[in-house]
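A.B. asks: Here is my input, please return the structure:
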Amino acid sequence: MSYQDIRIAGDITEALEAWVVREYGNMVDLEVGGINEGEFAAVGYAAVANEGAVEAVVLLIQHDPEGGPDRYRVKDMAENEGPVVDFCPERILDQLTPTEDHLANHWRERCRERVGLQSGRSAFSLNS
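C.D. replies: This next block holds a predicted model:
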C-alpha cells in the first residue's frame with residue numbers, strides 16, 4: 001500500500017489509534033516506538049480484529065517536511081503481506097489469533113526471535 005497523509009498535532013499514539021480505527025475498524029491494541037533511523041520517524045504495531053481473528057498491522061510513519069511540522073505519511077502493511085520490519089513487541093504478538101498464512105507465521109516467528117534476542121542480550125548484560 002502507498003503512503004497516506006496524516007496530521008499529528010499532539011500525541012502520536014492517539015493519532016495513530018484514530019487512524020487505525022478509521023482504516024481497519026476494531027483495534028485491539030497498538031504500540032508505537034520511535035526508531036529515528038533512515039527516513040522513518042516511528043513504527044507502530046497494531047493488533048486489529050477482523051472477522052473473528054486478531055491480526056497484526058505494521059505502520060511506518062514518515063515525517064513530511066514539505067507539509068509542515070505536524071504532517072506525516074503512514075504506510076500500513078498487514079502481517080500476511082510479509083513486512084520486513086520485525087520489531088513487534090511480545091504484548092502485541094500474544095494477542096494475535098493463530099493463522100495458517102505462511103507469510104504471517106514467518107513474520108511472527110522473526111518478531112519472536114528478535115524479542116528473544118533482545119531479552120537474552122539484556123539478561124547477558126546484567127550478568128556481565
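
A.B. asks: secondary structure class for the spatially most central residue of the chain?
C.D. replies: Among the residues of the chain, the one closest to the centroid is Tyr45, at 2.0 Å (Cα atoms, centre = their mean). What DSSP: H, G, I helix; E, B strand; the rest coil gives for Tyr45 is strand.

A.B. asks: What of Leu30?
C.D. replies: Under three-state DSSP, Leu30 comes out as strand.

A.B. asks: Give the burial count for it, as a bare number.
C.D. replies: 20 (other Cβ atoms under 10 Å). (Each C-beta comes from the backbone N, C-alpha and C, glycine too.)

A.B. asks: Same check on the one 3 residues further on?
C.D. replies: The burial metric for Gly33, expressed as a neighbour count using other Cβ under 10 Å, is 12.

A.B. asks: I'd guessed Thr97 sits against Ala56; true?
C.D. replies: No - using Cβ atoms under 8 Å as the test, Thr97 is too far from Ala56 to be in contact (10.4 Å).

A.B. asks: okay, those two: which has more neighbours?
C.D. replies: A count of neighbours by other Cβ under 10 Å puts Ala56 above the other of Thr97 and Ala56, at 25 against 11.

A.B. asks: quick one: secondary structure of that one?
C.D. replies: Going by three-state DSSP: Ala56 is strand.
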